[in-house]
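1. need coordinates for the below:
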Amino acid sequence: MSQASHQISGSVESILFRNEENGYTVLSIRPVAERQGDTRRITVVGKCATVWIGEELTAEGTWTEDPRFGRQFKAETITCVAPTSKEGIRRFLAGGLIRGIGPKLAEAIVNRFGTDTIHILDHRPDRLREVPGLGRKKCTEIRKSWSEQRQSHDVMIYLQSQGIGTAMAARIWRRYGADAIAIVKRNPYRLAEEVRGIGFLTADRIALQMGIAKDSELRAEAGLLHCLNTAAEDNGHVYLKQSELFLATNEALDIPIERLAEALTADAERGVVTLEEDRVYLAEHFKDEVQIAFRLTQLLKARTLFKPIQADKAVAWAEAKMGISLASAQWRALMMALENKVSVITGGPGVGKTTIIKALASVYAFRKLRVFLAAPTGRAAKRMTESTGFPATTLHRLLKYQPQTGHFLYTAENRFQGDIFILDESSMLDASLTRSFLNALPDHAVLIFVGDTDQLPSVGAGNVLSDMITSGVIPCAHLTTIFRQDASGLIVRNAHHVNQGEAFEKPAPGAESDFYFMEAQDPQKMQEMLLKMMTQRIPAKFGFDPLHDVQVLTPMRRGELGTDRLNALVQQQMNPSGETIWRGSTPFRKNDRVMQIANNYDKDVFNGDIGIVAQVDEAERSLTVCFDGRYVNYEADALDELTLAYATSIHKSQGSEYPAVIILLHTHHFKLLRKNLLYTAITRGKKLVVVIGSSKAVWITLHADAELKRQTTLAHRLQLNMTNA
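-> Numbers count the residues shown, from 1 in each chain. Model (predicted):
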């Protein structure tokens with residue numbers, strides 16, 4: 001039997017908890033009908049758009065008895081309005097919401113205007129000068145802050161009436177301010193293009209709810225862009241053929257092909273897509289490839305400003321300097337890099353790529369040339385520094401993003417002051433970042449790309465390293481012989497076995513090894529084995545710290561063996577309590593391992609950077625993360641840039657290396673099981689790799705069809721440019 005619905009009213013005394021993701025709130029209110037001296041308070045639990053201390057509210061719902069917190073009012077709806085009583089207005093103003101008004105000034109304002117205070121602030125803020133001690137500057141500050149908060153309040157309520165969550169509504173407000181309602185009403189699809197964290201599906205839901213027709217021109221134009229973006233994000237494609245694009249959009253959104261053809265023309269006229277033969281590009285992706293091909297051709301044709309190096313003598317000098325004897329393949333690769341303006345050195349783990357980087361940097365530094373080493377990620381740059389002895393940085397930091405302008409400092413108009421540029425982990429280079437980097441290079445520069453084409457390609461669109469090699473235009477050395485001292489270990493050997501589609505080598509029974517495969521069929525059993533390996537067996541046997549040294553890798557985010565579930569399990573085992581801040585359903589605590597999942601140039605942290613939570617402030621809903629010794633603060637509205645990182649996807653691990661990795665492999669991951677996925681995962685482990693999974697999943701991985709070929713045109717453009725040069 002359902003409970004009868006009740007209605008209660010009161011003023012907000014305190015906000016006990018609020019989830020900014022979905023608006024779930026726990027409030028303590030003072031009932032309107034309280035008697036003289038009555039100190040009772042009611043706990044109200046429910047979702048509301050915005051709420052301020054001192055506001056008056058009406059809630060409809062039912063009374064419940066919580067086993068832990070006692071009697072509560074579970075609200076189905078909560079409606080808040082500005083307070084009307086003098087005491088409510090005083091507490092409302094004193095709650096810290098309005099800049100410049102504290103408890104004493106709030107009391108002074110209410111003493112002067114009484115219950116008319118809200119009306120005065122809304123319509124006659126000039127009268128604030130009547131309050132004793134309030135000067136012109138202070139009045140201006142209060143008036144501005146009040147106006148902003150009232151506008152914010154109205155916007156937030158409207159947006160949430162359209163089904164937009166609190167955190168998302170806050171981002172929309174910050175992006176558009178007082179214009180937010182007008183912009184959303186006019187074209188809600190702008191949200192997907194201009195507001196971080198809002199995708200097309202959310203914008204489309206809002207649009208349809210607002211009454212925009214399913215076959216409208218607005219929806220068709222936005223739908224085409226959505227499908228192009230999806231092809232880029234999910235598969236790395238730079239373009240789709242028109243027929244593919246129309247079919248994908250028609251299937252996803254049920255928009256007639258005829259309307260899509262009209263919309264494509266409109267998108268092209270607006271300059272957001274580019275048409276080339278039967279191919280459709282997002283305009284920026286088209287510019288990326290055209291500019292990359294143009295700049296590489298320019299670099300190949302330009303002369304250096306320094307005297308050419310005698311490659312054979314330089315190689316001999318490097319051998320003596322480093323105290324090594326290069327194998328013939330390494331010798332040839334080093335000679336090639338020294339003799340060409342632009343070159344590529346590629347190969348798997350242990351084949352000597354790092355040795356060549358160090359030799360090149362040593363030779364050029366000895367010649368007093370300006371040498372820059374860089375990589376796409378912070379972890380890759382750090383490894384580059386440690387392995388070569390030369391300082392390395394990320395490409396983002398090398399380009400120096402300027403928050404004031406939203407652009408890099410170094411561009412085609414303001415190029416680097418350098419001579420030699422060596423890029424490691426180049427398989428991770430997407431077309432967008434490569435374009436920015438090449439535009440900033442001086443024409444006289446020497447450029448060497450180093451990477452492993454058998455790893456997963458870049459997360460972003462494009463296939464830059466492979467396309468350069470395929471073109472045949474860029475001189476390339478492909479190293480295959482394993483030279484690394486740990487080649488006797490199974491990590492390197494099994495990485496190469498996987499690359500060749502061959503089964504794992506396994507250690508002899510009872511023998512020490514750096515690579516283990518543990519058979520498991522049931523996902524729950526795999527979870528149990530993972531927790532035991534990470535928190536007990538690996539620390540006890542190998543001495544690794546589970547927080548800093550052991551990384552769990554899995555193909556997917558969702559599901560029983562996805563990163564979301566695994567992170568929750570590991571956190572519960574390793575860090576179950578303490579001060580906690582919630583973002584949605586994810587708790588963050590001190591000493592949690594976390595990952596940045598979006599480039600934030602203002603904070604100088606980038607997608608894939610891993611840190612440890614150093615401090616949590618529950619009251620302010622903020623935390624501080626330590627990234628390799630650098631402390632970065634995150635306010636409540638920036639928490640969506642972080643995720644727990646005890647477990648991470650194999651894609652996100654690119655460019656990183658960990659002392660120990662645990663890889664989960666199950667047939668649940670069927671769609672993603674490819675050789676380059678497992679190969680990339682294994683090569684993340686420096687000293688220990690443990691694969692937990694089923695033999696069937698491994699077999700599928702080794703025998704799966706070839707990886708999905710990315711649709712790009714860079715190789716063709718390079719060939720065409722050199723032919724016409």
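2. L530 and I662 touch, don't they?
-> Yes: using Cβ atoms under 8 Å, L530 is in contact with I662, at 5.9 Å. Where you see a C-beta, it was placed from the backbone N, CA and C, and this is true even at glycine.
3. quick one: common contacting residues for the two?
-> V552, I692 (Cβ atoms under 8 Å, 6 or more residues apart in numbering).
4. which strands or helices does the helix or strand hosting T385 pack on?
-> Under the criterion of DSSP states H and E, T385 resides in helix 378-388. Packing partners of helix 378-388 (3 or more Cβ pairs under 8 Å, 6 or more residues apart in numbering; DSSP states H and E): helix 353-366, strand 371-375, strand 392-394.
5. go with 10 Å
-> Using 3 or more Cβ pairs under 10 Å, 6 or more residues apart in numbering; DSSP states H and E, the elements in contact with helix 378-388 are helix 353-366, strand 371-375, strand 392-394, helix 395-399, strand 420-423, strand 610-617.
6. with adjacent residues omitted, what lies nearest to L128?
-> Nearest residue to L128, sequence neighbours excluded (Cβ to Cβ, 6 or more residues apart in numbering): C139, at 4.4 Å.
7. that neighbour sits in which helix or strand?
-> Following DSSP H and E, one finds C139 within helix 136-161.
8. ok, T50 next?
-> Using DSSP H and E, T50 falls outside every helix and strand.
9. any low-confidence regions in the stretch 251-400 of the chain?
-> Scanning the stretch 251-400 of the chain for pLDDT under 70 picks out nothing.
10. the stretch 551-700 of the chain: strands as residue ranges?
-> 580-583, 586-589, 593-596, 610-617, 622-627, 630-634, 642-644, 647-649, 658-665, 685-693 (DSSP state E, counting those that start in this stretch).
11. how many neighbouring residues does K137 have?
-> Neighbours of K137 under the rule other Cβ atoms under 10 Å: 9.
12. distance of it from T481?
-> Separation of K137 from T481 (Cβ to Cβ, to the nearest Å) stands at 74 Å.
13. now I120
-> From I120 across to T481, the span is 82 Å (Cβ to Cβ).
14. these two - which one has more neighbours?
-> Shown here are I120 and T481; by other Cβ under 10 Å, I120 has more neighbours (18 against 13).
15. tell me which element the closest residue to that one other than its chain neighbours falls in.
-> Distance criterion Cβ to Cβ, 6+ apart; nearest residue to I120, sequence neighbours excluded, is F113 at 4.9 Å. Using DSSP H and E, F113 sits within helix 103-113.
16. list the buried residues for stretch 322-336?
-> Going by neighbour count (16 or more other Cβ atoms under 10 Å), the buried part of stretch 322-336 is L326, A329, Q330, W331, A333, L334, M335, M336.
17. contacts for it?
-> For stretch 322-336, the surrounding residues in contact (Cβ atoms under 10 Å, 6 or more residues apart in numbering) are 311-312, 314-316, 318-319, 343-347, 351-353, 355-360, 362-363, 448, 450, 475-481, 483.
18. of these, select the buried ones using a PyMOL command.
-> In PyMOL, this line selects whichever of these come out buried by 16+ other Cβ under 10 Å:
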select buried, resi 311+314+315+318+319+343+344+345+346+347+351+352+353+355+356+357+358+359+360+362+363+448+450+476+477+479+483
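19. picking that back up, just say which of the helices and strands packed on helix 378-388 is most tucked in.
-> Stretch with highest mean neighbour count among those: strand 420-423 (a mean of 25; mean count of other Cβ atoms under 10 Å).
20. picking up where we left off before, now do the contacts for the residue nearest to I120.
-> Neighbours of F113 in contact, by Cβ under 10 Å, 6+ apart: K86, I89, H119, I120, L121, R124, R127, L128, E130, V131.
21. now swap in M595 and tell me
-> Listed by Cβ under 10 Å, 6+ apart, the contact set of M595 reads 563, 567, 605, 607-611, 625, 641-646, 648-649, 652-653.
22. can you check A440 too?
-> With contact set as Cβ under 10 Å, 6+ apart, A440 has these partners: 295, 395, 398-400, 408-416, 418, 421.
23. which SS class is G46?
-> strand (DSSP: H, G, I helix; E, B strand; the rest coil).
24. that one touches Y24, doesn't it?
-> Yes: with contact defined as Cβ atoms under 10 Å, G46 reaches Y24; the gap is 7.6 Å.
25. more crowded one of those two?
-> Neighbour count, other Cβ under 10 Å: between G46 and Y24, G46 has more, with 19 against 16.
26. any idea how far that one lies from T77?
-> Counting by Cβ to Cβ, the separation of G46 from T77 is 7 Å.
27. which of the residues in stretch 133-148 are buried?
-> Of the residues in stretch 133-148, L134, K138, C139, I142, R143, W146 count as buried by neighbour count, 16+ other Cβ under 10 Å.
28. OK, contacts around the fourth one?
-> I142 makes contact with L93, I98, R99, G100, I101, L105, I109, L121, P125, L128, V131, L134 under the criterion Cβ under 10 Å, 6+ apart.
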